[in-house]
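Engineer: Below is the structure, and that's it, no one-letter string:
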């Protein structure tokens, strides 16, 4: 018999809108201020997506500017997400695993923001945007072998990763957000 039900949540498309959309708006703002060309911005976004924290210095500078300007805070939460996650946190261990890894400084700033706005998570873990989450899923499964683990994702690729190691999954529809998943609300 399983001890706890433990949740692993994604951020982009499950709790918040996509941070990439906010990064694009920030890039357009920089282009408008003539601090960035459209071609340069396209290269930066492609470099970040492909290489994450190993991106070029120019791309890393853009990420630093993004976090320094608190753009991650301007990424709106999906409808009902904050209340739903707070309710989960009252009764269950909740982990975050998101493809937002760019630097230790940006990871800490994002983790601090989520903790302040929503609550204390069991763990907040970031992977590179192009990376699989299966390594993290496996580590949680190994650390808590007696727990039922449910992964809530909006990405089919990450759902496949979780299912391939035997975890339960729920696909989140970003239009209705996490609150639309009535079947898992405590």
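Structural biologist: All right, it came through fine. Keep in mind it's a predicted model, so treat the numbers as computed, not measured.

Engineer: Compute the first-to-last residue distance for stretch 121-130.
Structural biologist: 24 Å (C-alpha to C-alpha, to the nearest Å).

Engineer: Now do that stretch, average pLDDT.
Structural biologist: Mean pLDDT, stretch 121-130: 88.

Engineer: In it, which residues are buried?
Structural biologist: Neighbour-count burial for stretch 121-130, counted by 16 or more other C-beta atoms under 10 Å, picks out 121, 124, 125, 126, 127, 128, 129. Any C-beta I mention is one placed from the backbone N, CA and C, and that applies to glycine too.

Engineer: what's the closest of those to residue 111?
Structural biologist: Of all the buried residues of stretch 121-130, residue 111 sits closest to residue 124, with 4.3 Å by C-beta to C-beta.

Engineer: The closest one: which element?
Structural biologist: strand 123-126 (DSSP states H and E).

Engineer: ok, and what's touching that strand?
Structural biologist: Applying C-beta atoms under 8 Å, 6 or more residues apart in numbering, the contact partners of strand 123-126 are 95-101, 107, 110-111, 114-115, 136.

Engineer: at 6 Å instead, please
Structural biologist: The contact list for strand 123-126 (C-beta atoms under 6 Å, 6 or more residues apart in numbering) reads 95, 96, 97, 98, 100, 101, 107, 111, 136.

Engineer: For these, pick the one with the most neighbours.
Structural biologist: residue 98 (28 neighbours; other C-beta atoms under 10 Å).

Engineer: okay, now residue 164: neighbour count?
Structural biologist: Neighbourhood size, residue 164 [other C-beta under 10 Å]: 12.

Engineer: can you check the one 5 residues further on too?
Structural biologist: The local packing of residue 169 (other C-beta under 10 Å) involves 19 other residues.

Engineer: How about the contacts made by it?
Structural biologist: 151, 159, 162, 163.

Engineer: now do 10 Å
Structural biologist: 8, 137, 149-153, 156, 158-163 (C-beta atoms under 10 Å, 6 or more residues apart in numbering).

Engineer: That one - that's part of a helix, no?
Structural biologist: No - assessed with DSSP: H, G, I helix; E, B strand; the rest coil, residue 169 is strand; it does not lie in a helix.

Engineer: Residues in a beta bridge with it, which ones?
Structural biologist: Note on residue 169: beta-bridge partners by DSSP bridges are residue 151.

Engineer: so how far is residue 151 from it?
Structural biologist: Distance, residue 169 to residue 151, by C-beta to C-beta, to the nearest Å: 5 Å.
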